[in-house]
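A.B. asks: the amino acid sequence is not available; the structure is as follows:
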């Protein structure tokens, strides 16, 4: 039955539609609460006369519209957020006095925001880019912002270079393009002149840069922080988010087509999962180590271009984050949320990492520019959920000011809730580091090994992943117009691995190889492979949370369809129906199954696997539709599992794939639907 929408409405003299308030729709008002009688017409002097300046309804509406956009973030502009909670699964008072880690089972509200870095707000989700992974914990001792990425290292070692990095990565200033991509001269010019970027380049050219879902990527605090316990004892700590759904990425050609088919792919995926009750979940783990380890580790633990392999310091799981609620208003929450690395709580402290030290200044300064006032902490998504007592007052858009006479301290007025005092026993105390030295501008020589961990990361990948990295370098550098820049990049790669560098050079058509770049420190050849650095070595072996695309035509087997759906539900997986029309398809038993996608709007790139469930006549009718052939060709090229029945073979033949059927093509005539769905757990047919 068709949906019906009924309103109290009437037509105005000019043919405009007026919808009026009733029991289901409240009376519209201005922002001052004044009821609005007509929201379709401005106040004029006469029927066709000039507009009246006194029209406060129109002026307020236009005024607010003119100012409804705040400056987008310079970086991380393209983001998506959700609410949830963090649950402590293991109390660690011996490591930290941070309140949220004191009681097993305690739940702390959180808001998480995921983002790309380089693109503007309107850029597509599947850009090749590092992803921001920021979490705001509303703890009982104030807000703690863990502002990280989906990669554990970064491009630069000192925050003073951050403006240069972002200027180079953003669209070039004289032409305004390209955006949301690093495949251009400026970016590669900068990184080729910054050897410290080499390790991060290996990550950004890996599959980590094109995640299948925000739900299926790791997160990292990047920097080394400190844990401080009640006794004032210090340990170093690195933070890790591990997705319960496992890691998964897409291939590059798939990413390009997803951006065309659905530039909101990651947003839609997160929204749909939460709305369906399949709540995204991550474990929070920590690598904890002491000063002795730091002194003896191969690299400087304050260097943000380095990581500590999990084989050397295992990740200890201390909690989990569950995102179970979408925002009520995207602007009020996702856009106005203000993360600051400086937001820490007693029990957590900073190290002297020069990149972190600069971020602590930059983030607070950024919020003032974007949100227009030091009172951005009054915005609900930014406001702590614990009691707040201070003497800060006034300023633009102040929502909370001290009550009473006292707005300074020390003061001699009688104590009350709005007359707070410092608390040495519970208040935040910085760890007592010994600091002594000359004021100077100097990079420590302990930061000078730029290639060893880049080599370790490369060798830790599977052959499939290494090939993807090689192809990524070739693609990106093929967009660089200046040969000298391409040669400089390859000169750095020679210090990582000569075979890899030669493969990239061959892909770029070099006539001769450049000399290896001068290295401040020789590349270590003895670092062992770290399996934790590979996505495919840590594949989830599960189709849970993934989506099957089912191509239907009239006359499909209703029994087989229902069996597949039951098997998917048993595995915690999702599905969408794709059909020649959005109306759906009628099964062989006369049942109408509605479609979520029309064939030309639901390409196979949107799905983790596909099922071709047509009648012979339906398959034959699809042979004239290029988009139907693309559905098969792309699924095959992207190494996905493809379920089918013999009735679809005319379409398979028309797509030129009849001679290419392999173990990833699963004939449901020969295999039970449950077995088909079980096979999907390996996600890809990498041997294809």
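C.D. replies: That came through, no problem. What you see is a predicted model; the values in this text were computed from it and never measured.

A.B. asks: and the residue nearest to the spatial centre of the chain, which of the three is it?
C.D. replies: Nearest to the mean C-alpha position of the chain, by C-alpha atoms, centre = their mean, lies residue 114 at 3.5 Å. Of the three states, residue 114 takes strand according to DSSP: H, G, I helix; E, B strand; the rest coil.

A.B. asks: could you tell me how far it is located from residue 149?
C.D. replies: Residue 114 sits 10 Å away from residue 149, going by C-beta to C-beta, to the nearest Å. Quick note: C-beta positions are derived from backbone N, CA and C, even for glycine.

A.B. asks: what touches both of the two?
C.D. replies: With C-beta atoms under 8 Å, 6 or more residues apart in numbering applied, the overlap between the contact sets of residue 114 and residue 149 consists of 131, 132, 133.

A.B. asks: same list, those residues, but as TSV with pLDDT please.
C.D. replies: Rendered in TSV, the data for the shared contacts of residue 114 and residue 149 read as follows (pLDDT from 0 to 100):
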residue	pLDDT
131	98
132	98
133	98
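
A.B. asks: nearest to residue 454, of those?
C.D. replies: Within these, the smallest distance to residue 454 is 20.0 Å, found for residue 131 (C-beta to C-beta).

A.B. asks: rewinding a little: residues contacting the nearest residue to the residue nearest to the centre of the chain once chain neighbours are set aside?
C.D. replies: Nearest residue to residue 114, sequence neighbours excluded (C-beta to C-beta, 6 or more residues apart in numbering): residue 214, at 4.5 Å. Contact criterion C-beta under 8 Å, 6+ apart gives 80, 114, 131, 266, 269, 270, 280 as the residues in contact with residue 214.

A.B. asks: wait, the second one sits on residue 266?
C.D. replies: It refers to residue 114. Yes. With contact taken as C-beta atoms under 8 Å, residue 114 and residue 266 are classed as touching, separated by 7.4 Å.

A.B. asks: overlap of the contact sets of those two?
C.D. replies: Common neighbours of residue 114 and residue 266 are listed as 80, 214 (criterion: C-beta under 8 Å, 6+ apart).

A.B. asks: now the strands for the stretch 101-250 of the chain?
C.D. replies: Using DSSP state E, counting those that start in this stretch, the strands of the stretch 101-250 of the chain run over 107-116, 131-139, 142-149, 219-220, 225-228, 234-243.

A.B. asks: next, the angle strand 107-116 makes with the second one.
C.D. replies: Angle of strand 131-139 versus strand 107-116, following axes from the mean of the first three to the mean of the last three C-alpha atoms, to 10 degrees, is 160 degrees.

A.B. asks: okay, now the sheet partners of strand 131-139, with direction.
C.D. replies: Within its sheet, strand 131-139 is paired with strand 107-116 (antiparallel), strand 142-149 (antiparallel), according to DSSP bridges.

A.B. asks: coming back round to it: between the shared contacts of residue 114 and residue 149, which sits nearest residue 675?
C.D. replies: Nearest to residue 675 out of the shared contacts of residue 114 and residue 149 is residue 131 (C-beta to C-beta; 35.1 Å).

A.B. asks: what residues does that closest one make contact with?
C.D. replies: For residue 131, the contacting residues are 114, 115, 116, 117, 149, 150, 151, 211, 214, 217, taking C-beta under 8 Å, 6+ apart as the criterion.

A.B. asks: try 7 Å
C.D. replies: Contacts here follow C-beta atoms under 7 Å, 6 or more residues apart in numbering; on that basis residue 131 touches 114, 115, 116, 149, 150, 211, 217.

A.B. asks: count of neighbours near the fourth one?
C.D. replies: Counted by other C-beta atoms under 10 Å, the residues lying close to residue 149 total 25.

A.B. asks: pull the contacting residues for the residue nearest to it when sequence neighbours are not counted.
C.D. replies: Using C-beta to C-beta, 6+ apart and skipping residues adjacent in sequence, the residue nearest residue 149 is residue 130, 5.1 Å away. Taking C-beta under 7 Å, 6+ apart, we find residue 130 in contact with 117, 149, 150, 151, 204, 209.

A.B. asks: same deal with residue 9?
C.D. replies: With contacts taken as C-beta under 7 Å, 6+ apart, residue 9 has the following neighbours: 17, 18, 19, 20.

A.B. asks: for it, give the beta-bridge partners.
C.D. replies: Bridge pairing for residue 9 - DSSP bridges - gives residue 19.

A.B. asks: and it, how close does it get to residue 22?
C.D. replies: In terms of C-beta to C-beta, residue 9 sits 10 Å off from residue 22.

A.B. asks: quick check, nearest of the shared contacts of residue 114 and residue 149 to residue 674?
C.D. replies: For residue 674, the nearest member of these is residue 131. The distance, counting by C-beta to C-beta, is 34.9 Å.

A.B. asks: which residues pair with that closest one across the strands?
C.D. replies: For residue 131, the beta-bridge partners under DSSP bridges are residue 116.
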